[in-house]
Structures are given as C-alpha cells and as structure tokens.
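In: Predicted model, plus sequence, below.
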Amino acid sequence: RSNPRQAEQDRTIHLDLEMVELDEDLVLNIYDFGGQSEYLPGQLPYITRLALYILVVEVRYANDEHFEKKLERFLVLLEARAPGAVVLPVVSKVDDAADAGPACRWFD
C-alpha cells in the first residue's frame, strides 16, 4: 500500500463480516474488528467464548510505546467478556522485523 489514500480506503471500518464455506457442513464466520479502539463499544456483542480469536499484530506496531497497554486492555476485556477464550497471536509482516528494532524481543 504505497498510496496513503488507498490505504485509508482499505481499512476495516468498525466491523467487516465474511462467511467462508469450508465444506457443506462447515461454515467459518470471520469478524474483522480492524483494531480501532473508537469502535470497541459496537463490537462487544460479538465477543463470545465460542470463538477463536486471532490477534494479528504487524511487527512494526510492537515497537509502539503504547503497544503493551493496548494489548493488555484487549486481553483483559476479552477475559472479562469471554472467560477462557482461545487467542491465537499472529505477527504479520515479519520480513520488516529488521526495521522494527527492539520490537523483535516480543516475538522471539
């Protein structure tokens, strides 16, 4: 995404829903929350214990001074709304890790 206007248009706004039929008896419902905290109140009804949460973080954000607080806030909220929920952390764009500096300490 080299064009900033295109990147802005491609962002998930509030909630993006997608259904993927894996086979005749199995449908995967994907709820992409996009990560914007201002939309969090509208996303709370979708948080349930019956889901797998895939927490995707770009490696460059791990170097952000507020990263730990954002991550902790999400995990505390998730535990409060869906105790025992399964979270699968995924680090994206790891090929940029050399540019992330100290961020790599999170993902050793």
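Out: Ah, there it is.
In: Now do the strands in this protein.
Out: Secondary structure of the chain (DSSP state E): strands at 16-23, 26-32, 52-58, 86-92.
In: Other residues contacting the third one?
Out: When contacts are taken as Cβ atoms under 8 Å, 6 or more residues apart in numbering, the neighbours of strand 52-58 outside the stretch itself are 67, 71, 74, 78, 85-93, 96. Glycine gets a C-beta too; all of them are placed from N, C-alpha and C.
In: Please pick the buried ones from those residues.
Out: Buried subset of the contacts of strand 52-58 (neighbour count, 16 or more other Cβ atoms under 10 Å): 71, 74, 78, 85, 91.
In: could those be laid out in JSON lines, adding distance to E18?
Out: Shown next, in JSON lines, are these (distance: Cβ to Cβ, whole Å):
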{"residue": "L71", "distance to E18": "24"}
{"residue": "F74", "distance to E18": "21"}
{"residue": "L78", "distance to E18": "21"}
{"residue": "A85", "distance to E18": "20"}
{"residue": "V91", "distance to E18": "22"}
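In: got those as CSV, with distance to G34 and pLDDT columns?
Out: Listed next are the buried ones among the contacts of strand 52-58 as CSV, based on distance: Cβ to Cβ, whole Å; pLDDT from 0 to 100:
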residue, distance to G34, pLDDT
L71, 16, 82
F74, 13, 83
L78, 16, 89
A85, 19, 90
V91, 17, 82
